[in-house]
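Visitor: My questions concern the predicted model and sequence given below.
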Amino acid sequence: MGYDTNFVSCWYIVQNEMGAILNKISTKIKPITLRQIVEQSAKKFDKAKLHFGHGTDNSYDEAVYIIFRALHLPFDIDSSVLNKQLTEKERVRIEELVAMRIEKRIPVAYLLKEAWFLGLEFYVDERVIIPRSSMAELIHQRFSPWIKEHRAHNILDLGTGSGCIAIGCAMAFPEAKVDAVDISTDALEVAKINIRKYDLEKRVRLFHGDLFEPVDNNKYDIIVSNPPYVSAEEMQTLPKEYSYEPDIAFYGGKNQGLDLVLKIIQEAKQHLTEDGILVVEAGNSCEALIEILPEVPFIWPEFEDGEGGIFILPKRVYC
């Protein structure tokens, strides 16, 4: 019996196509462990030359951050979990996030809608700057030795953003009342979410306005602020990742970026109790601040973590 050459040809074509499809499927579902995808992602981040400055400072930690939290895993989980094989759904989710981090340079905190401060989880989105201040270390220490814990009854957070500093202070000083001010109504909406998350509505009050304006008649034992302090020149050099954050949270004005810092220093005198302290982050503008106000006895604490750039002014030494 002879063979139908057309049939044989079609049979081979079908076999080849089926083989290609099966190869694709087998490649697609090739098992991969959590450890492997962390290492692969870290290599991709290195190759893409990403900027790290929103909670991590290297590609591996960034990969752990985005992958663990995408899978809702705590950072302190047993290391044996790294041998866990991912499901196809988990792998796709991670690869999508990694691709967005690389291609669009979106910070991980915005991709996940969460950031960490003082070991606490906060909701964040593009309406607020991502928490990353060294202020966390001072709050953890309850601003000791510059103020006694039992003397901190009223605290003010200027430019509260996500509310992380205000909430951190409320937890560090459980007997204190905290007022949190921001000029951005969008930021206050985010802060409200976080205050509600930690059930602090009765102790943390939100105010809309410019610095001391909405709390003009009040006095505080601690006034804390992480205000905008970036100069116009420095704004031009910020990495792509920072462009997703509100400009209002960075640009500090024409006076070397210190317009708001200087205003806070001047006006805080009227709002501090006799033993009160002013705590403000000036970041990279700290040297310029010292040049502008050489007579002011700034205290610059040293930090174990973070870059510092935060000064403390007890009312009694600069008024």
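Guide: Cool, got the structure.
Visitor: Relative to the whole chain's centre, how far out is stretch 96-115?
Guide: Relative to the chain's own centre, stretch 96-115 is displaced by 12 Å; criterion: Cα atoms, centre = their mean, to the nearest Å.
Visitor: One more: stretch 267-287?
Guide: The answer for stretch 267-287 is 23 Å, by Cα atoms, centre = their mean.
Visitor: any chance you could map the strands in this protein?
Guide: Secondary structure of the chain (DSSP state E): strands located at 115-117, 120-122, 154-158, 177-182, 204-208, 220-225, 272-281, 310-314.
Visitor: Now render those strands as TSV, adding distance to Ile130 and mean neighbour count.
Guide: Any C-beta I mention is one placed from the backbone N, CA and C, and that applies to glycine too. Output for the strands of the chain, formatted as TSV (distance: least, Cβ to Cβ, whole Å; neighbours: other Cβ atoms under 10 Å):
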stretch	distance to Ile130	mean neighbour count
strand 115-117	5	22
strand 120-122	9	19
strand 154-158	17	27
strand 177-182	15	24
strand 204-208	20	19
strand 220-225	17	26
strand 272-281	14	21
strand 310-314	18	21
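Visitor: Report the contact partners of Glu245.
Guide: Glu245 makes contacts with Pro107, Glu126, Val128, Ile129, Ile130, as judged by Cβ atoms under 8 Å, 6 or more residues apart in numbering.
Visitor: Kindly apply the preceding question to Gly257 instead.
Guide: By Cβ under 8 Å, 6+ apart, the contact set of Gly257 is Pro228, Tyr229, Val230, Ser231, Ala232, Glu234, Tyr251, Ser285, Ala288.
Visitor: can we see that at 7 Å?
Guide: For Gly257, the contacting residues are Tyr229, Val230, Ser231, Glu234, Ser285, by Cβ atoms under 7 Å, 6 or more residues apart in numbering.
Visitor: Apart from its neighbours in sequence, what residue is nearest it?
Guide: Leaving aside its chain neighbours, Gly257 sits nearest to Ser231 (3.6 Å; criterion: Cβ to Cβ, 6 or more residues apart in numbering).
Visitor: Equivalent analysis for Leu293, please.
Guide: Nearest non-adjacent residue to Leu293, counting by Cβ to Cβ, 6+ apart: Ile265, 7.3 Å away.
Visitor: do Pro107 as well
Guide: Per Cβ to Cβ, 6+ apart, closest to Pro107 is His54, 4.5 Å.
Visitor: And the strands of the chain: which comes nearest Leu82?
Guide: strand 115-117 (20.4 Å; Cβ to Cβ).
Visitor: show me where pLDDT drops low in the chain?
Guide: Applying pLDDT under 70 to the chain flags residues 1-29, 306, 319.
Visitor: Spell out the residue ranges of the helices in it.
Guide: 5-28, 34-48, 59-70, 88-103, 108-112, 135-140, 164-172, 185-197, 232-235, 259-268, 286-292, 315-318 (DSSP state H).
Visitor: who's in contact with the fifth one?
Guide: Outside helix 108-112, the residues within contact range by Cβ under 7 Å, 6+ apart are 54-55, 62, 65-66, 69-70, 97, 100-101, 115, 124-126, 130, 244.
Visitor: Just the buried ones among these, please.
Guide: Buried positions within those, assessed by neighbour count (16 or more other Cβ atoms under 10 Å), are 54-55, 62, 65-66, 69-70, 97, 101, 115, 124-125, 130, 244.
Visitor: Mind picking the two most distant members of the residues you listed?
Guide: Maximum distance among these (Cβ to Cβ): 19.3 Å, for Glu62 and Asp125.
Visitor: ok, and the closest non-adjacent residue to Glu175?
Guide: Closest to Glu175 by Cβ to Cβ, 6+ apart is His153, at 7.1 Å.
Visitor: who are the neighbours in contact with the one you found?
Guide: By Cβ under 7 Å, 6+ apart, the contact set of His153 is Ala176, Lys177, Asp221.
Visitor: which one of those sits closest to Val81?
Guide: Ranked by distance to Val81 (Cβ to Cβ), those are led by Ala176 at 38.7 Å.
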